[in-house]
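> Based on what follows, work out the 3D shape:
(one chain, ligands or ions: 1)
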Amino acid sequence: MTRIDLLLEEMTLQEKIGQMTMSAAGFAVTGPVLAGDATEDIRAGLVGSLLNIYGAEPTHRIQRVALEQSRLGIPLFFGFDIIHGHRTIFPIPLAEAATFQPDLWERTAREAAIEAAQDGVHLTFAPMLDVTRDPRWGRMAEGPGEDPFLASVYAAAKVRGFQGSDLATTDHIAATAKHFVAYGAPTGGIDYMSADISDRSLHEVYLPPFETAVGSGVAAIMPAFHDIAGIPMTANEPLLKNWLRRHLGFSGVLISDYNAVAELIEHGVAGDVVEAAILALRAGIDIEMISTIYRRGLPEALDRALIGLEEIDASVRRILRLKEALGLFDAPFGRGGAIDAESEHAADRRRLARDVATRSIVLLSNNGLLPLSDPRRVAVVGPLANERVEMRGSWPAAGDPRDPVTLFEGLSSALPQADVVHAAGVSIEDGDWSRVDGALDICRSADVIVLCVGEAALMSGEAASRASLDLPGRQKEFAEAVLALGKPVVAVLSSGRPLTVSWLIDRAHATLATWFLGNEAGNALGDIVTGRASPSGRLPVSWPRSLGQVPIYYAQRPSGRPATQPGRYASKYIDLPTTPLFPFGYGLSYGRFVYSDLTIGNARVGRNGNIEIMVSVANEGDATAEETVFLFIRDVVASVARPRMELKGFSKIELPPGGRGILALVLPVSALQFPGRDFNPVLEPGAFEVLVGPCADRQKLVSANVTVSDDPVQGRGP
Ligand code: NOJ
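Purely as a prediction, here's the structure:
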């Protein structure tokens, strides 16, 4: 008998349900329910894990209670939201996605895991894999953007980074893929709202990143708060049991979201706690977070024979297996120890934070002002110019609020020869106009103005949906007053989503989307404006012209009446183009890249073959720069209309001025599969268009055709 079998034999019902109960330690409040002190419950074996606790001392102290004072001495595990760094705060996930660098996504997760493990944490509620195409939804900031392929690559990198190859090594932590599923498509962009989506978008867009996470061995999955077409995800048997468990074979732990089991009553699918507990258990939720509904509902459900003990046992077994995999039975104090804050490794981590932040910045427009050439006086103005805490974005984990380098500080140290001065002018939100004259005065005497506007950190993230994508407060008026001075202006946008500010982008001499860059925000901005680094961030989401275009994404299906068709009866707005202001993948650099000579090694390829693609990229600009090369495909004729373009790969190339490189990309034909009419994957032979270039704008892509034949062997067949 295994250790887990033995434990299961010994456990009382109460103790089993205890393992299925996650309580809060009260370190950070992340939802509407405040939990009290869980110590007594831990002693009584009524709690199996805690969230919102970190630090070697408190985690070890409470672990000791579980080990030494509970009847069976089963160790606890501690979960925490480590969304973009633990102590070292990296850029928010949306920003990090803009690097299009899986090696960096993995390294930041790895570093976050090291820091979190030093703080006694065993599991993070990350990565968030919600594909989202609606910037009103504040949680766009927490995920990798609009594309399922991108989200899948991101999923694999993050799971690898957090978990490594062996969860028991004490500098790794368990990852939780969330929020399963289609949480990024709430009605009206309002957080927690129902998603009424088709089975097709579920299978094509929202499920794939989770499939990748499961394939990468993710330890846990968190179902989303919302419902899909009337079935709350916390009780969604078809998706949790049938798809995740049976179809994908996911054998890890399902952890409910915060209080979500109790919220089944509010959803209107459970009449009381017993019904709520039954629904969640039936769907396969192993651990319920915070609501104590399992504790209150499962015993009665069992008494009335509405559930079977074997359902409870199955969950407890999965939870104990996770604890075993984390090495908790053998080394319950293995995590939580010396913090390496002063070490050489910590200095490397800080350098990594700066590198990722620099690479997250997207240059949206530039009339040649950037990089700045030896300015004498620079005015850094706007409400985000010298904000420290805001730079962290939402979910700052255990980050020290004193750590971030402000934009003003970063620019001051990047431009030591210049006189760099600062004034906020206005606040992010309130209407106070009294400091505007002073700010305009310092602008008047400057030769360049860096205008730092945008959102507050908590205007994105959870429960932060916005019905407008404009600059909040009186920032627009302030920006217009600054622009009216007629001086060169670099607009710096801090936000957790694209903002609809074409009026600003049109008039500023350069615009940078800096999202929320974390601890190294100011230094990263300094690296970009001085030209020490050429901007290499690319948009992981389409940037709308106007809110009326939302939801907006590049992978739309072709209409029978394309917008390009002449006349009135085409698929378009009568008052605005249908194209975004900036497409997915867009971003300028200090170089100028030109694509040519796209060749396909084999114009005809069998279903088991590979498509070999070569493209020539030249830097015709006058600075060394890095280009992100995107590979899209279009399935020309299929049994189900395919998107106009689908991302299938991306790669980077750095070239000096005048440099040219040949990029070779290999696309396995199997990547051309799609969910068929019955949602099972199909590969349909026929013509495919291969498109390569800088972003999802057809005009900017070079293309070639390839035919997939029914023959398995490459190049043969009819
Ligand atoms: C609610 C959020 O939806 C989820 O992402 C988070 O992990 C939990 N709260 C725990 O803080």
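> can you tell me the residue of the stretch 301-450 of the chain closest to the ligand?
Nearest to the ligand in the stretch 301-450 of the chain, going by CB to the nearest ligand atom, is W395, at a distance of 8.5 Å. For the C-beta atoms, the positions are set from N, CA and C on the backbone; glycine is no exception.
> Setting aside sequence neighbours, what's the nearest residue to that residue?
With sequence-adjacent residues excluded and distances taken as CB to CB, 6 or more residues apart in numbering, W395 is closest to I83, at 3.8 Å.
> Find me the pLDDT at that neighbour, would you?
Looking at I83, its pLDDT is 98.
> The residue in the stretch 501-650 of the chain positioned nearest to the ligand: what's it in contact with?
When scored by CB to the nearest ligand atom, the stretch 501-650 of the chain has F516 as its residue closest to the ligand, at 17.0 Å. Listed by CB atoms under 8 Å, 6 or more residues apart in numbering, the contact set of F516 reads 91-92, 95, 141, 390-394, 457, 494-496.
> Helices - which of the residues you listed land there?
A95 (DSSP state H).
> Which pLDDT value goes with D711?
82.
> what's around it, how many residues?
Residues lying near D711 (other CB atoms under 10 Å) number 17.
> didn't it look like it was pressed against V605?
No: using CB atoms under 8 Å, D711 is not in contact with V605, being 9.3 Å away.
> hmm, back to that, out of the contacts of F516, who's the most crowded?
P91 leads these on contacts (other CB under 10 Å) with 34 neighbours.
> My guess is that one contacts A357. True?
Yes: under the criterion of CB under 8 Å, P91 makes contact with A357 at 5.2 Å.
> Report the buried residues of stretch 618-626.
Residues 618-619, 621, 624-626 are the ones in stretch 618-626 that count as buried (16 or more other CB atoms under 10 Å).
> Give the members of those that are also in contact with the ligand.
The subset of the buried residues of stretch 618-626 within reach of the ligand, by CB under 6 Å from any ligand atom, is empty.
> can those go into CSV with extra columns for secondary structure and pLDDT?
CSV is the format used below for the buried residues of stretch 618-626 (DSSP: H, G, I helix; E, B strand; the rest coil; pLDDT from 0 to 100):
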residue, secondary structure, pLDDT
A618, strand, 98
N619, strand, 98
G621, coil, 97
T624, coil, 98
A625, strand, 98
E626, strand, 98
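> Show me which of those is closest to I190.
E626 (38.0 Å; CB to CB).
> which residues does that closest one form a beta bridge with?
E654 (DSSP bridges).
> residues from the stretch 601-718 of the chain in reach of the ligand?
Near the ligand, when you scan the stretch 601-718 of the chain using CB under 6 Å from any ligand atom, you find nothing.
> Give me the below-cutoff pLDDT ranges for the stretch 601-718 of the chain.
For the stretch 601-718 of the chain, the stretches flagged by pLDDT under 70 are 713-718.
> Looking at the contacts of F516, which are in strands?
S494 (DSSP state E).
> With distance to V47 and pLDDT as added columns, please give the contacts of F516 in CSV.
Converted to CSV, the contacts of F516 look like this (distance: CB to CB, whole Å; pLDDT from 0 to 100):
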residue, distance to V47, pLDDT
P91, 35, 98
I92, 31, 98
A95, 36, 98
A141, 31, 98
E390, 35, 98
M391, 36, 98
R392, 30, 97
G393, 31, 97
S394, 27, 95
A457, 32, 98
S494, 39, 98
S495, 39, 98
G496, 33, 98
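> Give the burial count for the residue nearest to W395, as a bare number.
25.
> One more: D678?
Neighbour tally, D678, other CB under 10 Å: 6.
> Please apply the same query to A379.
A379: 31 neighbours (other CB under 10 Å).
> Next, show the common contact partners of P91 and A357.
Shared contacts of P91 and A357, counting by CB under 8 Å, 6+ apart, come down to 517-518.
> Once you drop chain neighbours, what's closest to D697?
In space, D697 is closest to P583, 4.5 Å off (CB to CB, 6+ apart).
> Repeat that for L320.
I4 (4.7 Å).
> hmm, back to that, could I get the contacts of F516 as JSON lines with distance to I197?
Formatted as JSON lines, the contacts of F516 follow (distance: CB to CB, whole Å):
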{"residue": "P91", "distance to I197": "29"}
{"residue": "I92", "distance to I197": "25"}
{"residue": "A95", "distance to I197": "26"}
{"residue": "A141", "distance to I197": "21"}
{"residue": "E390", "distance to I197": "33"}
{"residue": "M391", "distance to I197": "34"}
{"residue": "R392", "distance to I197": "32"}
{"residue": "G393", "distance to I197": "27"}
{"residue": "S394", "distance to I197": "25"}
{"residue": "A457", "distance to I197": "29"}
{"residue": "S494", "distance to I197": "31"}
{"residue": "S495", "distance to I197": "26"}
{"residue": "G496", "distance to I197": "23"}
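> and which of the contacts of F516 is nearest to P58?
Nearest member of the contacts of F516 to P58, counting by CB to CB, is R392, at 22.4 Å.
> burial measure for the residue nearest to that closest one when sequence neighbours are not counted, as a count.
Distance criterion CB to CB, 6+ apart; nearest residue to R392, sequence neighbours excluded, is I89 at 4.9 Å. Counted with other CB under 10 Å, the neighbours of I89 add up to 30.
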